[in-house]
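[1] The sequence and its predicted three-dimensional model are supplied below.
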Amino acid sequence: MNLQEFRNNPPTFEQLVRVAPNQQIKSFISALDKVQIRRSALKNKTVENNSTFEQILQNADKSLELEFNELTTLLNVCIERINVLENDNKYLTDTIRKLVQVKENDSEHEEKLEDKIDSEL
């Protein structure tokens, strides 16, 4: 996703918060809000010299592009962490299932042994 695509179809606050597992993504959302507010302020600013205004907008676009790239990198790191946590969760869930199965098998085996001992007595 590049800056233009992001501007044309930005995620909603709710979409971002839904995947916000930690403070880093919340910081991303806050920084994104600040970027959008600054851009709006620059566009609404009236400057007598149009070329100066265009330069301001170009500089703002460059600055926003850099910030966007940094924020995108941060978001990607957060998504990677979410994936790691999901994989850890799957592993732990599978391990718990296996332990429960082993316990059930042990219980069944123990019952069979008790029945066998009882029958021999």
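    Right, received. Where do you want to start?
[2] number of nearby residues for Leu75?
    Residues lying near Leu75 (other CB atoms under 10 Å) number 19. Backbone N, C-alpha and C define where each C-beta goes, glycine included.
[3] what helix or strand is it on?
    Under the criterion of DSSP states H and E, Leu75 resides in helix 50-120.
[4] I'd like the distance between Tyr91 and Leu85.
    11 Å (CB to CB, to the nearest Å).
[5] Below-threshold pLDDT in this protein: ranges please.
    1-7, 11-26, 28-29, 39, 41-53, 121 (pLDDT under 70).
[6] Show the contacting residues for Lys103.
    With CB atoms under 8 Å, 6 or more residues apart in numbering as the criterion, no residue contacts Lys103.
[7] hang on, the earlier thing: intersection of neighbour lists for Tyr91 and Leu85?
    Common neighbours of Tyr91 and Leu85 (CB under 8 Å, 6+ apart) do not exist.
[8] Kindly export stretch 95-104 (C-alpha atoms) in CSV.
    The C-alpha trace of stretch 95-104 is given here as CSV (Å, rounded to 0.1, in the frame of the first residue of the first chain):
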residue,chain,number,x,y,z
THR,A,95,-0.4,-28.8,23.5
ILE,A,96,-3.3,-28.5,26.1
ARG,A,97,-5.5,-30.7,23.9
LYS,A,98,-2.7,-33.3,23.7
LEU,A,99,-2.2,-33.2,27.5
VAL,A,100,-5.9,-33.6,28.1
GLN,A,101,-6.0,-36.6,25.7
VAL,A,102,-3.0,-38.2,27.5
LYS,A,103,-4.7,-37.7,30.8
GLU,A,104,-7.9,-39.3,29.5
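[9] in it, what's buried?
    Neighbour counts over stretch 95-104 (16 or more other CB atoms under 10 Å) mark no residue as buried.
[10] With stretch 65-79 instead?
    Glu67, Phe68, Leu71, Leu75, Cys78.
[11] Same list (those) but as TSV, adding distance to Leu113.
    Shown next, in TSV, are the buried residues of stretch 65-79 (distance: CB to CB, whole Å):
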residue	distance to Leu113
Glu67	68
Phe68	67
Leu71	62
Leu75	57
Cys78	52
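[12] and which of the residues you listed is nearest Ile96?
    When these are ranked by distance to Ile96 (CB to CB), Cys78 comes first, at 26.6 Å.
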